[in-house]
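[1] This is a predicted model, with the sequence first.
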2 protein chains.
Amino acid sequence: MQITKFAIPEVIFGNGSIKYLASCAHRLGARRIFLVSDPGLEASGWVERIIDILRKDKLECVFFNEISSNPRDWQVHKGAELYLEQNADAIIGLGGGSPIDGAKGIATIVSNGGRIRDYEGANRIMRPLPPMIFIPTTAGSGSDVSQYAIITDMERHVKMSIISRSLVPNISIIDPQILATNPRELILASGIDALSHAIESYVSRLASPFTESQALNAIGLILDSITRAAEDKDLDALKNLSIASTEAGMSFSNAGLGIGHALAHSLGGRFDVLHGMVHPILLPAVMRYNIPSCTRKMANIARTIVGVRMESSQTLAEQGCESLAVMFERMKIPVRLRDIVPDRSYLEQICKMAVHDACAVTNPREADWQDLLNICLEAW
Amino acid sequence: MQITKFAIPEVIFGNGSIKYLASCAHRLGARRIFLVSDPGLEASGWVERIIDILRKDKLECVFFNEISSNPRDWQVHKGAELYLEQNADAIIGLGGGSPIDGAKGIATIVSNGGRIRDYEGANRIMRPLPPMIFIPTTAGSGSDVSQYAIITDMERHVKMSIISRSLVPNISIIDPQILATNPRELILASGIDALSHAIESYVSRLASPFTESQALNAIGLILDSITRAAEDKDLDALKNLSIASTEAGMSFSNAGLGIGHALAHSLGGRFDVLHGMVHPILLPAVMRYNIPSCTRKMANIARTIVGVRMESSQTLAEQGCESLAVMFERMKIPVRLRDIVPDRSYLEQICKMAVHDACAVTNPREADWQDLLNICLEAW
């Protein structure tokens, strides 16, 4: 084991935890808060509720809702301009991964200057960011606890991974009650994103004992709760999915991800697909590719999926991939790559971009662009 | 599950991780560091090595070594005076629980003023502390990651529990290589302290999914590695003990402890015994007392100790307590309370103090002083 780092925000978790928002903001010295969210959350009434909580406690609030799914560089720059113009002194991100990643991008620019593409890659942010509090409204992205922000460079059509300890917020307030208003597809896509965070970080080259136990725990919780959470909006299942998503976030933030996410970023930059919908398509093929480099760990994952069996690690690991693929099919969501990519001819370009993604570095098995192409063809 | 909080420092873990100390201190803006340790670590050469690392990187260093085992209130005040006199701007604690708790006490006084007893109990520290980096030299206290400081009030002969999120340092640097120079008894006492942190926090009233998986993982690792670590100084076992101690620290810091620690503080305030040596005496009796209030969880602990068996939870839980008692006896360390308390007549006073200890609040089963007395008599 190499020297390992483990950094997470302070987490406040539980039904109703949102009520601590104003006291958290005061504790961080905030007076004029820049609230980043999106029109969907505005329509659902959550934005109003947050602004209410803040104003009742004498906190001013500037609201910015121009962050789309797969947030764009220009949206970040527009938000940063407004933040500075309005003399805000803290940032709250409310949403799924997109508004929170957008908030991270805005925080980066307002205190470090320049353009967001200047910070692509690992450890490029040099100056401390303003105080940040994130409130996730999906159980999946893990962005509310992680060192990652994914922003699309619209010129190059690339989803950039920006990775820095500075992107970990001061506080993450996770209130599973918020999830109950999400539609079925969003709960599934987010939960499968969390599952892929857990699986990819568990076998990452930078996995440590601090991340491994969280990742394995998350895998078990997600498999156990995702269907009940999505189909029945069962509150206990939503809570467990939320715990799992947070644990998976803590794990991947510190251990990194793999080629599954490298490909998902590449596909998302090109085709603007919902990030969580890429994983049910790619994950089984990516896991099969990785088996030779981490057979024992893949067998541990399989035990969580199919239960304890007396098979060899190799057989068990393969059974795990099979079972996962079957589970995704039963969810009646797209499970073939041809469902989201218009033509095979795009794949070479996608794979050539994906090998340069920061997530490819921590994948347990080396992969060049042809290896990725084979994975894509297996998933086609 | 109630609303739960989870806060830990940034952790840098691994053999050789000490080399990152100076860059960590610079990152926190430190220029003139107040280093708190004890004469034992000075004699072992570790203090000199730390001062070297700091000076080579242009950091000034004021050294304070007057912290004893079971650190006293007056030692904290003396340290705080020197800190202010010397215009230090950051604190490094190097040691087992005592120097680190001493460093926390000093940090509290220099930025909040008053006497250390003003901060006894939970959440009494109002102003932020100077930047803190802790380097644990034992695998046990967990103080380097926790919200706790235990300081003895010499007037009342009471070990005060001071509990505050402000006591979590900015960074904990955990280098398991340091453990290899520890004597057998210290490795055992520290490891058993960590075991009791894991067991007590796992069944605590404030346990959450974020602390439970860490606590269970820690229990397994400690049982697996403690003998090899203490007897053979096996480097892999020392590393695993160190991981376990850190996980147990993260767990109890956020979930709290129980009556085992309440009694240990009471005994330590009165008889100045080595904290870790109290747990092998009390833990089996404390666990037996708690079984009715957390039978299923005690059975989970027992499964980690004795392996998976087809017994009822009640039987299994009792077997776990038995096995632990047998393990402690084999270590040839004191296992009866009469080995550390001169006379039974002291017990009533000890128990009457222990019911007021902050750790008693999170115990899974209510206990008045007579209940504690029965536990002590069982352990006599």
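    On my side now, so go ahead. Residues are numbered from 1 along each chain as shown, chains lettered A, B, ... in the order given.

[2] and A:Asp153, how many neighbours?
    Residues within reach of A:Asp153, counting by other CB atoms under 10 Å in any protein chain shown, total 16. For the C-beta atoms, the positions are set from N, CA and C on the backbone; glycine is no exception.

[3] Can you tell me who it pairs with across the strands?
    Note on A:Asp153: beta-bridge partners A:Val158, judged by DSSP bridges.

[4] ok, it to A:Trp74 distance?
    Counting by CB to CB, to the nearest Å, the gap between A:Asp153 and A:Trp74 amounts to 10 Å.

[5] How about A:Ala299?
    Here the distance between A:Ala299 and A:Trp74 works out to 46 Å (CB to CB).

[6] Looking at those two, which is more packed in?
    More neighbours sit around A:Ala299 than around the other of A:Ala299 and A:Trp74, counting by other CB under 10 Å; the figures are 21 against 13.

[7] wait, what's in contact with that one?
    With contact taken as CB atoms under 8 Å, 6 or more residues apart in numbering or on different chains, A:Ala299 is in contact with A:313-314, A:316-317, A:320.

[8] now do A:Pro71
    Counting by CB under 8 Å, 6+ apart, A:Pro71 has contacts A:98-99, A:101-102, A:105, A:150-152.

[9] give me phi/psi at the closest residue to A:Ala299 other than its chain neighbours?
    With CB to CB, 6 or more residues apart in numbering or on different chains as the criterion, A:Ala299 has its nearest non-adjacent residue at 3.8 Å, and that residue is A:Ser313. Backbone dihedrals for A:Ser313, given as degrees, to the nearest 10, come out at phi -60, psi -40.

[10] Likewise for A:Lys5?
    The main-chain torsion angles of A:Lys5 are listed as degrees, to the nearest 10 and equal phi -110, psi 150.

[11] and it, how many neighbours?
    Applying the criterion other CB under 10 Å, we find 19 residues in the vicinity of A:Lys5.

[12] pLDDT at it, what is it?
    Looking at A:Lys5, its pLDDT reads 89.

[13] likewise A:Met1?
    Looking at A:Met1 specifically, the model assigns a pLDDT of 66.

[14] With the one 10 residues further on instead?
    For A:Val11, the model assigns a pLDDT of 96.

[15] Over to A:Glu185?
    Model confidence at A:Glu185, expressed as pLDDT, equals 92.

[16] where's the nearest residue to A:Gly96 once chain neighbours are set aside relative to B:Asp175, distance?
    On the basis of CB to CB, 6+ apart, the spatially nearest residue to A:Gly96 that is not a chain neighbour turns out to be A:Thr138, at 3.9 Å. Remark: distance between A:Thr138 and B:Asp175 (CB to CB) = 39 Å.

[17] on that earlier part again, kindly present the contacts of A:Ala299 as CSV, with separate columns for pLDDT, distance to A:Asp193 and secondary structure.
    Below are those laid out as CSV (pLDDT from 0 to 100; distance: CB to CB, whole Å; DSSP: H, G, I helix; E, B strand; the rest coil):
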residue, pLDDT, distance to A:Asp193, secondary structure
A:Ser313, 93, 27, helix
A:Gln314, 94, 28, helix
A:Leu316, 94, 25, helix
A:Ala317, 95, 22, helix
A:Gly320, 94, 19, helix
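
[18] What is the nearest of those residues to chain B?
    Distance to chain B, by CB to the nearest CB, is smallest for A:Leu316 among these, at 18.7 Å.

[19] could you measure the closest one against A:Asn170, distance?
    Between A:Leu316 and A:Asn170 the distance is 42 Å, computed by CB to CB.

[20] residues contacting the closest residue to A:Ile67 other than its chain neighbours?
    Spatially, and ignoring its direct neighbours in sequence, A:Ile67 is nearest to A:Gly102 (3.7 Å; CB to CB, 6+ apart). Applying CB under 8 Å, 6+ apart to A:Gly102 gives the contacts A:36, A:67, A:71, A:75-76, A:79, A:93, A:151.

[21] so the residue nearest to A:Ala299 makes contact with A:Lys297?
    No - in this structure, A:Ser313 is not within contact of A:Lys297 by CB atoms under 8 Å, at 9.0 Å.

[22] more crowded one of these two?
    The residue with more neighbours, out of A:Ser313 and A:Lys297, is A:Lys297; 22 against 17, by other CB under 10 Å.

[23] How many residues are close by the residue lying closest to that one once chain neighbours are set aside?
    Distances taken as CB to CB, 6+ apart place A:Val203 nearest to A:Lys297, at 5.0 Å, with adjacent residues excluded. Here the number of neighbours of A:Val203 (other CB under 10 Å) works out to 26.

[24] Since that was my last question, I'll sign off now.
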